[in-house]
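A.B. asks: predicted model, plus sequence, below.
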Amino acid sequence: MLYCGCIIFVKDKQIKEVEKFILQYKEITVFTKSDDDQLIVVTIEAETDKQIEKLINELKQHEYIIDVSPHYLHFEEEVERILKTGEKPDLSGFSKSERRKTTNEN
């Protein structure tokens, strides 16, 4: 399981609408909101980085969400699994340089 901490930037006066929208996702936990009602701090849980990326892109389509900014990625369970099994993870979407390669190929 991967955990990604994100800040969601919200259009003026729309934080309640955005919060109602993001609470529909079982993968998202809301932790706090800024005093000016412009930011929401959340974590996203998913099995892969591609699932996290897909969910972030879905959130960005909402009319009152300005941006979703990932700030940390916790993957301790993944490291433990790799150490136990020797499995090599798919890192194709993990780094910016790898994402650029994918983007340039399309």
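C.D. replies: Everything's here; your move. Numbers count the residues shown, from 1 in each chain.

A.B. asks: got a list of what residue 7 touches?
C.D. replies: Shown in contact with residue 7 (CB atoms under 8 Å, 6 or more residues apart in numbering): 39-42, 68-69, 71. All C-beta atoms are positioned from the backbone trio N, CA, C, and that covers glycine.

A.B. asks: can you do 10 Å?
C.D. replies: Taking CB atoms under 10 Å, 6 or more residues apart in numbering as the criterion, residue 7 is in contact with 34, 38-42, 67-71.

A.B. asks: in terms of helices and strands, where is it?
C.D. replies: Using DSSP states H and E, residue 7 sits within strand 2-10.

A.B. asks: now, which of the contacts of residue 7 lie within strands?
C.D. replies: In strands, defined here by DSSP state E, the members of those are 39-42, 67-71.

A.B. asks: you'd agree residue 48 is up against residue 54?
C.D. replies: Yes: the pair residue 48 / residue 54 is scored as a contact, 9.2 Å apart, by CB atoms under 10 Å.

A.B. asks: any idea how far residue 45 is from the residue nearest to residue 69 when sequence neighbours are not counted?
C.D. replies: Excluding the flanking residues, the one nearest residue 69 by CB to CB, 6 or more residues apart in numbering is residue 7, at 4.8 Å. Separation of residue 7 from residue 45 (CB to CB, to the nearest Å): 17 Å.
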